[in-house]
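Peer 1: how does the following fold in three dimensions:
(chains A and B)
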2 protein chains.
Amino acid sequence: MKQIHIIGLGLLGGSFSLGLKKALTGLSVSGFDLNKGHLQEALSLGIIDRVSETVPADTDLVIVATPVDTISGIVSRLLDHIPPETLVVDFGSTKEHICSSVSGHAHRQNFLAAHPIAGTEYAGPSAAFPDLLKGKIMILCETDKTGPDLCKKAYRAFEALEMQIRIMGPHEHDNQLAFVSHLSHISSFMLGKTVLDKMEDDKHILNMAGSGFASTVRLAKSSPSMWTPIMKENKENILEALNGYIENLASFRDHLVNDQYEELSKNMKNANQIGQILNFKS
Amino acid sequence: MKQIHIIGLGLLGGSFSLGLKKALTGLSVSGFDLNKGHLQEALSLGIIDRVSETVPADTDLVIVATPVDTISGIVSRLLDHIPPETLVVDFGSTKEHICSSVSGHAHRQNFLAAHPIAGTEYAGPSAAFPDLLKGKIMILCETDKTGPDLCKKAYRAFEALEMQIRIMGPHEHDNQLAFVSHLSHISSFMLGKTVLDKMEDDKHILNMAGSGFASTVRLAKSSPSMWTPIMKENKENILEALNGYIENLASFRDHLVNDQYEELSKNMKNANQIGQILNFKS
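Peer 2: Residues are numbered from 1 along each chain as shown, chains lettered A, B, ... in the order given. So this is what the prediction gives:
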């Protein structure tokens, strides 16, 4: 691994570069971002060694870490002129639309669909740090459609970051992520909105907030320019998750209206299981 | 401050004792809990020095840190036989019902309604630790109804823990807490339930969960035996908050169904403000 190129120098693209530079000696990183401020910042932070609008010769990996609704177009255009030894990897949070849009491409074997399960509520190159991806899960889809030697290049990079590789289908990925990631962002955004609405009457309300509120509302700080495209690309799965959530909340509300406290207690006791499962996992 | 007595030896009562013992030398702590296991545990963990079913003579403060629906009864019975130099303080998460139920008591001046804004998702004496309350907000209600010299005893204890004292009315307290604490517990419990429901079809779904999900679902580990009484005591305010939350989620869902991505983006951008406000506060 000598040369990588990163398109989209935000939290994820930036952290991938910093992590890989820390793990591998002699790696050269070029990159590009439509946001000129981010591009300069990435250069001055050492995320990239040089700016390049095109993929330099002898590039091993091209990482596409832009908002999900731009990835299909970028990947297709990259594949049109890809050298045989270069692999394009996308880091999008949804996978089904991207996989289907490149499925008929003549150079499909030069593409790998990936999703690192890592992030924070902050965005941009200044939020990037070398250990963001270290030890995290990396989901890969349709690895059988990627050339085996090209796939190995990606594995070498992910293993250098000690990532845990999981392989799953793109539809299964998008459906599961709607529940364990996209829904929790919506629940958090709307919790923030509900308290902000209340603040219009009562401007001191947040003085009373403790660490529990801070934890549940943390994701409401996330970037709309990243999340609006995810809503669009994963609309049907998100609607399934969101409808289930609204139904559960409405049922909780109805139990409360009707003073059914044993039902409420049973509901909360059941939900407690999530803690045991998450603790077991970690 | 020589002697305190704690009724309810869970996370809050236990942490108050451990913190005060760390801050003040020569403090003697007695206590009681209906749960015999917790009582023995509190004794062996040094939370209390001795078990006492009644309030010992020369007690400065009696702390009532039991589930909120038991507090009014316990406080009233304590006040019936309270020595003039002893102050009863409750740590309940709701205040309006408790304050109104003791308002006509002949010894009302021996009571102070308090709510420390501190907690974790864990419960019981083994979850207690000395610094839980350190530097946290302590809300006090109707301090003008407490005897001034008795009130000073409580202030000395809270100041020893470096707590930040805020005074507010009991109704205002319960309404605000419904939004910044009780609602976020419900949002978290029901997020947990929604994902657990989905797990019935797809048992590996939690393998994909990242730190964002863990953060939003953390409060779903909370104890139903603490939270069911809070739902009961603060029903009307919680319904106001929960209805607002369900409306916001339903409106988000409707925008998504109708492909109104600019509206979604605007909604998320507005919710981002919660981050600036919370950061500014901390």
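
Peer 1: which residues in chain A form strands?
Peer 2: Under the criterion DSSP state E, strands of chain A are mapped to A:3-7, A:28-32, A:50-51, A:61-64, A:87-90, A:111-116, A:137-141, A:164-167.

Peer 1: could I get those strands as JSON lines with distance to A:Lys22 and mean pLDDT?
Peer 2: In this view, the C-beta of every residue, glycine as well, is placed from N, C-alpha and C. Output for the strands of chain A, formatted as JSON lines (distance: least, Cβ to Cβ, whole Å; pLDDT from 0 to 100):
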{"stretch": "strand A:3-7", "distance to A:Lys22": "14", "mean pLDDT": "98"}
{"stretch": "strand A:28-32", "distance to A:Lys22": "12", "mean pLDDT": "98"}
{"stretch": "strand A:50-51", "distance to A:Lys22": "19", "mean pLDDT": "98"}
{"stretch": "strand A:61-64", "distance to A:Lys22": "16", "mean pLDDT": "98"}
{"stretch": "strand A:87-90", "distance to A:Lys22": "19", "mean pLDDT": "98"}
{"stretch": "strand A:111-116", "distance to A:Lys22": "16", "mean pLDDT": "98"}
{"stretch": "strand A:137-141", "distance to A:Lys22": "17", "mean pLDDT": "96"}
{"stretch": "strand A:164-167", "distance to A:Lys22": "18", "mean pLDDT": "95"}
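
Peer 1: show me what contacts the spatially most central residue of chain A?
Peer 2: In chain A, the centroid-proximal residue (Cα atoms, centre = their mean) is A:Ser93; its distance is 4.2 Å. By Cβ atoms under 8 Å, 6 or more residues apart in numbering or on different chains, the contact list for A:Ser93 reads A:Val68, A:His115, A:Leu177, A:Ser181, A:His182, A:Met226, A:Ile230, A:Asn234.

Peer 1: pLDDT check: weakest of those?
Peer 2: For the contacts of A:Ser93, the minimum pLDDT belongs to A:Met226; the value there is 91.

Peer 1: what's around A:Ile137, how many residues?
Peer 2: Neighbours of A:Ile137 under the rule other Cβ atoms under 10 Å in any protein chain shown: 17.

Peer 1: and for the one 3 residues further on?
Peer 2: Number of residues near A:Leu140 (other Cβ under 10 Å) recorded here: 21.

Peer 1: what's the spacing between it and chain B?
Peer 2: 13 Å (Cβ to the nearest Cβ, to the nearest Å).

Peer 1: and what of A:Val89?
Peer 2: To chain B, A:Val89 is 19 Å away according to Cβ to the nearest Cβ.

Peer 1: so that residue touches A:Thr59, yeah?
Peer 2: No. Here A:Val89 does not reach A:Thr59: they are 11.6 Å apart, not a contact under Cβ atoms under 8 Å.

Peer 1: between those two, which one's more packed in?
Peer 2: Taking neighbours as other Cβ under 10 Å, A:Val89 and A:Thr59 compare with A:Val89 leading, 26 against 22.

Peer 1: look up how far B:Cys151 lies from the nearest residue to that one once chain neighbours are set aside.
Peer 2: Nearest residue to A:Val89, sequence neighbours excluded (Cβ to Cβ, 6 or more residues apart in numbering or on different chains): A:Leu112, at 4.8 Å. Distance of A:Leu112 to B:Cys151, computed by Cβ to Cβ, to the nearest Å: 67 Å.

Peer 1: more neighbours, these two?
Peer 2: The neighbour comparison of A:Leu112 against B:Cys151 (other Cβ under 10 Å) goes to A:Leu112, with 22 against 18.

Peer 1: wait, what's in contact with A:Phe32?
Peer 2: A:His5, A:Ile6, A:Ile7, A:Leu9, A:Leu39, A:Val51, A:Ser52, A:Glu53.

Peer 1: counting neighbours, what do you get for the second one?
Peer 2: Which is A:Ile6. Neighbours of A:Ile6 (other Cβ under 10 Å): 27.

Peer 1: that one pairs with what?
Peer 2: With DSSP bridges as the criterion, A:Ile6 is bridged to A:Gly31, A:Ile63.

Peer 1: for chain A, which spans come out with low pLDDT?
Peer 2: A:279-282 (pLDDT under 70).

Peer 1: so is the longest helix along it next to chain B?
Peer 2: Scanning chain A for the helix with the most residues, using DSSP state H, yields helix A:235-257. Yes. Residues of helix A:235-257 contacting chain B under Cβ under 8 Å from any Cβ of the partner chain: A:235, A:238-239, A:241-246, A:248-250, A:252-253, A:256-257.

Peer 1: which among those gets closest to B:Phe158?
Peer 2: Of all those, B:Phe158 sits closest to A:Leu256, with 32.7 Å by Cβ to Cβ.

Peer 1: contacting residues for that closest one?
Peer 2: Applying Cβ under 8 Å, 6+ apart to A:Leu256 gives the contacts A:Leu264, B:Met231, B:Lys235, B:Ile238, B:Leu239, B:Leu242.

Peer 1: cool, A:Val29 as well?
Peer 2: A:Gln3, A:Ile4, A:His5, A:Ile6, A:Ser17, A:Leu20, A:Lys21, A:Ile47, A:Ile48, A:Asp49.

Peer 1: which of the residues you listed ranks first by neighbour count?
Peer 2: Result: A:Ser17 is most packed of the contacts of A:Val29 (other Cβ under 10 Å), 29 neighbours.

Peer 1: residue numbers of the stretch 51-200 of chain A in contact with chain B?
Peer 2: A:117-121, A:136-137, A:139, A:166, A:172-173, A:175-177, A:179-181, A:183-198.

Peer 1: ok, A:Gly13 touching A:Ile63?
Peer 2: Yes. Between A:Gly13 and A:Ile63 there is a contact under Cβ under 8 Å: 5.9 Å.
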